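Q: fold the following and give me the result.
(2 chains)
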Amino acid sequence: GDSVIQMQGQVTLSENDFLFINCTYSTTGYPTLFWYVQYSGEGPQLLLQVTTANNKGSSRGFEATYDKGTTSFHLQKTSVQEIDSAVYYCAPTNKVVFGTGTRLQVLP
Amino acid sequence: GPKVLQIPSHQIIDMGQMVTLNCDPVSNHLYFYWYKQILGQQMEFLVNFYNGKVMEKSKLFKDQFSVERPDGSYFTLKIQPTALEDSAVYFCASSVDITEVFFGKGTRLTVV
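A: Now for the predicted structure:
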């Protein structure tokens, strides 16, 4: 079945640091890839999605590239802010099979 | 943007009793989902529902669980009987198709 691996359970950064959260996936076919973000006390919400291999998605300064060769969909942001503190989930299908998520804490 | 509503935000129930969690999905959506999140842990898929039927369910979707959406109204998750390990936040979600899934804010279920 579909699966996703996010190796980093927790990432702690300071404001304006560079963010990199890795995600590798295993699916059949050519899925749409999603990043969801869950702020404290809320349900997850879509951050960005990419439908086509080798394309990049971006939103609110976050970017992720659908790399079919390495089956990766890493999330990056050049300069994080305290308001970006949340849990980030990579999901490879519309069934939204979540990985364990990466909890990002940005210190002021 | 479109909103999925879950009311109430918190329910407390005695172990062994029945509970129904209600979800008001986005009006034109066709696919419906329930997820379970134990405090501090990852979100886990329970079930998805389309055209009046369960399409897929995980091993967490025990025999005590059932879902329905009678007459296009609320999409419900019923647990009968409840167990202590059912305590969690349950998120409802809906989508039009295979693109963006919209989540509610969750109902925290406490089984005592």
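Q: and the residue in chain A that chain B sits nearest to, what helix or strand is that in?
A: Nearest to chain B in chain A, going by Cβ to the nearest Cβ, is A:G43, at a distance of 3.2 Å. Any C-beta I mention is one placed from the backbone N, CA and C, and that applies to glycine too. Using DSSP states H and E, A:G43 is not contained in any helix or strand.
Q: so the nearest residue to B:Y74 once chain neighbours are set aside is in which element?
A: The shortest distance from B:Y74 to any non-neighbouring residue, by Cβ to Cβ, 6 or more residues apart in numbering or on different chains, is to B:N22 (4.7 Å). Under the criterion of DSSP H and E, B:N22 resides in strand B:19-24.
Q: just the CA trace of that strand, in CSV.
A: What follows is strand B:19-24, C-alpha atoms only, in CSV (Å, rounded to 0.1, in the frame of the first residue of the first chain):
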residue,chain,number,x,y,z
VAL,B,19,-21.4,7.9,20.9
THR,B,20,-22.1,9.6,17.6
LEU,B,21,-19.8,12.2,16.2
ASN,B,22,-21.3,14.6,13.8
CYS,B,23,-19.8,16.3,10.8
ASP,B,24,-21.3,18.8,8.4
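Q: going by contacts, tell me the helices and strands next to that strand.
A: Judged by 3 or more Cβ pairs under 8 Å, 6 or more residues apart in numbering or on different chains; DSSP states H and E, strand B:19-24 is in contact with strand B:5-7, strand B:10-13, strand B:31-37, strand B:75-79, strand B:88-95, strand B:107-111.
Q: closest to A:V80 out of these?
A: Closest to A:V80 of the helices and strands packed on strand B:19-24 is strand B:31-37 (Cβ to Cβ; 23.9 Å).
Q: and that closest one, is it in reach of chain A?
A: Yes. Contact of strand B:31-37 with chain A (Cβ under 8 Å from any Cβ of the partner chain) involves B:31, B:33, B:35.
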